[in-house]
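# pasted the sequence and its predicted model underneath.
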Amino acid sequence: MDTHKRFFGTDGVRGVANSSLTCEMAFCLGSTAVEVLGPTLVIGRDTRISGSMLEAALVAGITSRGGKALLAGIIPTPAVALLTRELGADGGVVISASHNPPEYNGIKFFDAEGYKLSPELEDRLEAGLCEAGEDKPEPSLPTGSKVGTAEPIGDACERYVRHAVQILEADGISLKGFTIAVDCGNGAAYYTTPEALRRLHAEVVVINDEADGNTINVGSGSTDLGQLTQLVKRSGADVGIAHDGDADRVIAVSASGAEIDGDYIEAICALDRKAARGIPGNTLVSTVMCNIGFIEAMEKAGLQVVQTPVGDTNVLTTMRSGGYVIGGEQSGHMIFIEHNTTGDGLVTALMLLAALKRSGTSLDALASASMKKYPQTLINVHVAGSPLLEGNAVIAAATAEAEAELKAGGGGRVLIRASGTEPLVRVMVEAADRETAERIAQSLASRVEAELS
């Protein structure tokens, strides 16, 4: 393996399965995880067809070092965090590429408390990958009765569903009277989210719940709301919810077909929580991608917004250090730290639905009352290899020119950043009107493409 390449990105190790993410890598990660985290590890995966292959290699690595693999099967990422804590395991492992296309997969880790790993622990796992194939003495491996084992967790999904349902039941909230449309994106939430909503007495209509690993995230789920929007209108649903492949995020659709993204969801849930019992520190956490309108609305309500770099790990780190309870991203990756230690699409959906229930109004009305969204255009530019944005004089000059135009035209902002999981540069522009946002974003995207592609 190339010892000069960094394998861990913003959310574990990710790549095209059986190409840039191999069984050898999965074996090494499993073996090293026993040494770094401990011998007992919970493993869950999404529906991708490469998941069983990578799981087998990961389990082989764990058991070759005498570890115990507790197999949760196909299950949302946040459920693995929950199970790791509930079962007293030393860590959790999720095999998923989240919102990426079906050919991708990934491996990410939780510590014993259900939190994503510290940089120090990730570096130790990274070292195990880099050392693979080097001319070093083989470690002494267990034999006979000391070889590790793999055991299924028979009630893994049930534990997660029960945990989520009890959050609303504890507040006396029933979803009776709601019709809820759900797009599972043929991913890990194919059973858990519809089941939780039904136990809370909602009428549920579901699409893309076939757990088809060949079509996970394809034209469906939180990255493509077309099917869900049609279902909401066709079924007369009060609200629609869509997950990504591993169900650690959610995007909602109102009865009118309007997209309710993470900014709206965080605003709605924060205002509901503030009215009910207050928010510790009167502070929320979001990222630099959040809409200006979200910040303005929260400040008007007496709430401060701390912005972090993009990535749920950055959001969570800030939440933990400041003692904050609500944080999230525009992509719908929300963390309600009182209920789970990581982004949780089902919990987020339930918190939104509880706020909707208490409001006694429609989701359209609730979203409109929570914040005014500034027009925002996001363009993904495909680039070759790792983009070198910092120090690029042409892109810097184009950005400065765009910012000056926005300032003169009533306000707005520009954000250009490299993706941490794909060979993309994301160009985001907010402006007073959509036409300006789109025009400036297209111009900047062209500059980025010319420089980096």
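Sure thing, it's come through.
# hang on, F109 in a strand?
Yes - assessed by DSSP: H, G, I helix; E, B strand; the rest coil, F109 belongs to a strand.
# that one against K116, yeah?
Yes - here F109 reaches K116: they are 7.2 Å apart, a contact under Cβ atoms under 8 Å. Glycine gets a C-beta too; all of them are placed from N, C-alpha and C.
# for this structure, which segments count as helices?
23-36, 51-64, 77-86, 119-131, 156-169, 192-199, 226-235, 262-277, 292-300, 312-322, 345-359, 363-370, 393-408, 434-452 (DSSP state H).
# of all those, which one is nearest N208?
Closest of the helices of the chain to N208 is helix 226-235, at 7.0 Å (criterion: Cβ to Cβ).
# what's next to the closest one, contact-wise?
For helix 226-235, contacts defined as Cβ atoms under 8 Å, 6 or more residues apart in numbering pick out 179, 181, 183, 205, 207-208, 219-220, 237, 239-242, 253-255, 257.
# hmm, try it at 10 Å
Among residues not part of helix 226-235, those counted as contacts by Cβ atoms under 10 Å, 6 or more residues apart in numbering are 179-183, 185, 203-208, 219-222, 225, 237-242, 251-259.
# ok, the closest residue to L70 other than its chain neighbours - contacts?
With Cβ to Cβ, 6 or more residues apart in numbering as the criterion, L70 has its nearest non-adjacent residue at 4.7 Å, and that residue is V42. By Cβ under 10 Å, 6+ apart, the contact set of V42 is 68-72, 75, 79-87, 89-94, 110, 114, 153, 156.
# just the buried members of the residues you listed?
By neighbour count, with 16 or more other Cβ atoms under 10 Å, the contacts of V42 hold 68-72, 75, 79-86, 89-94, 110, 114, 153, 156 as buried.
# and the gap between G345 and R85?
According to Cβ to Cβ, to the nearest Å, G345 stands 18 Å off from R85.
# what does F7 give?
Distance from F7 to R85, by Cβ to Cβ: 27 Å.
# ok, now P101?
From P101 across to R85, the span is 31 Å (Cβ to Cβ).
# same thing with L58?
20 Å.
# just A445 next, same as before
Going from A445 to R85 by Cβ to Cβ gives 43 Å.
# need the contact list for A97.
Here A97 is in contact with 11-12, 14-17, 21, 46, 48, 50-51, 103-108, 216-217, 244-246, 421-422 (Cβ under 10 Å, 6+ apart).
# next step: these restricted to strands.
For these, the ones inside strands are G12, R14, G15, V16, Y104, N105, G106, I107, K108, with DSSP state E as the criterion.
# now for the residues you listed: which two are most distant?
Largest separation among these by Cβ to Cβ: V16 and K108, giving 16.3 Å.
# so where's the chain uncertain?
By pLDDT under 70, the low-scoring segments of the chain are 1-4, 132-137, 385-387.
# what residue in it is the furthest from its centre?
Residue farthest from the centre of the chain, counting by Cα atoms, centre = their mean, is G144 at 40.7 Å.
# re the thing from before, ok, V16 and K108, which is more surrounded?
Per other Cβ atoms under 10 Å, whichever of V16 and K108 has more neighbours is K108, with 27 against 15.
# what do F109 and K116 both touch?
Here F109 and K116 share the contacting residues G12, G92, V94, E122, scored by Cβ under 10 Å, 6+ apart.
# quick one on the thing from earlier: any chance of the helices of the chain in TSV with distance to Q330 as columns?
Putting those into TSV (distance: least, Cβ to Cβ, whole Å) gives the following:
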stretch	distance to Q330
helix 23-36	30
helix 51-64	28
helix 77-86	19
helix 119-131	24
helix 156-169	23
helix 192-199	21
helix 226-235	18
helix 262-277	5
helix 292-300	8
helix 312-322	11
helix 345-359	13
helix 363-370	14
helix 393-408	19
helix 434-452	15
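# what's the most buried one of the ones you listed?
Of all the helices of the chain, helix 77-86 carries the top mean neighbour count, a mean of 27, counting by mean count of other Cβ atoms under 10 Å.
# export that one as PDB, just CAs?
C-alpha atoms of helix 77-86 as PDB (Å, rounded to 0.1, in the frame of the first residue of the first chain):
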ATOM      1  CA  THR A  77     -25.400   4.100  11.500                       C
ATOM      2  CA  PRO A  78     -26.900   5.800  14.700                       C
ATOM      3  CA  ALA A  79     -28.200   2.400  15.800                       C
ATOM      4  CA  VAL A  80     -24.600   1.100  15.900                       C
ATOM      5  CA  ALA A  81     -23.600   4.000  18.200                       C
ATOM      6  CA  LEU A  82     -26.600   3.200  20.500                       C
ATOM      7  CA  LEU A  83     -25.800  -0.600  20.500                       C
ATOM      8  CA  THR A  84     -22.200   0.000  21.300                       C
ATOM      9  CA  ARG A  85     -23.200   1.800  24.400                       C
ATOM     10  CA  GLU A  86     -26.000  -0.500  25.400                       C
END
